[in-house]
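Student: Compute the structure for the input listed below.
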Amino acid sequence: MKSLLKGLLPVLGFALMCALGLSAQNGADTFKGKCAACHGGDGKGDTGMGKAMKLRDLGSADVQAQSDADLNNIVTNGKGKMPKYDGKLSKEQIEDLVKYMRTLKH
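Tutor: So this is what the prediction gives:
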């Protein structure tokens, strides 16, 4: 039984890493389609719209310090001039998007 568990642990670990990587990739695709026009491809907000709305850099310490729940809430319900994505994106898409936003950390 112990040898079976020892054999399964690396496989399960690899599967989890693949799932998390896929989740971030799905989030990247959603980001490109829904967020990059304002936030920029790198999330820095260095676009005409981003500058006009004074968007914060999504990789900055203050944004990254927010909890996943807070970021999820902002994407779901919108904030300021940012539209809400409730009903436009699934809960899973929003969760993947937040995971992707974590990869933008400086």
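Student: Now do the spatially closest residue to Met82 that is not a sequence neighbour: how many residues are near it, please.
Tutor: Once flanking residues are discounted, Met82 sits nearest to Ile74: 7.2 Å by CB to CB, 6 or more residues apart in numbering. C-beta: built from backbone N, CA, C; applies to glycine. Ile74: 18 surrounding residues under other CB atoms under 10 Å.
Student: Wait, Ile74 touches Lys84, no?
Tutor: No. With contact defined as CB atoms under 8 Å, Ile74 does not reach Lys84; the gap is 9.2 Å.
Student: Now do the same contact list for Ser90.
Tutor: By CB atoms under 8 Å, 6 or more residues apart in numbering, no residues touch Ser90.
Student: any idea how far Lys44 is from it?
Tutor: Counting by CB to CB, to the nearest Å, the gap from Ser90 to Lys44 is 27 Å.
Student: sec struct for the closest residue to Phe31 other than its chain neighbours, please.
Tutor: Nearest-residue entry for Phe31: Tyr100, 5.4 Å, with adjacent residues in sequence omitted and distances by CB to CB, 6+ apart. Three-state assignment for Tyr100 (DSSP: H, G, I helix; E, B strand; the rest coil): helix.
Student: so Tyr100 makes contact with Ala28?
Tutor: Yes. Using CB under 8 Å, Tyr100 is in contact with Ala28, at 5.1 Å.
Student: Who has more neighbours out of these two?
Tutor: Neighbours per residue (other CB under 10 Å) separate Tyr100 from Ala28, with Tyr100 holding more: 22 against 19.
Student: Contact partners for that one?
Tutor: Tyr100 neighbours (CB under 8 Å, 6+ apart): 24, 26-28, 30-31.
Student: Give me the pLDDT for it.
Tutor: Among the per-residue scores, Tyr100 holds a pLDDT of 96.
Student: what about it, distance to Tyr85?
Tutor: Using CB to CB, Tyr100 is found at 14 Å from Tyr85.
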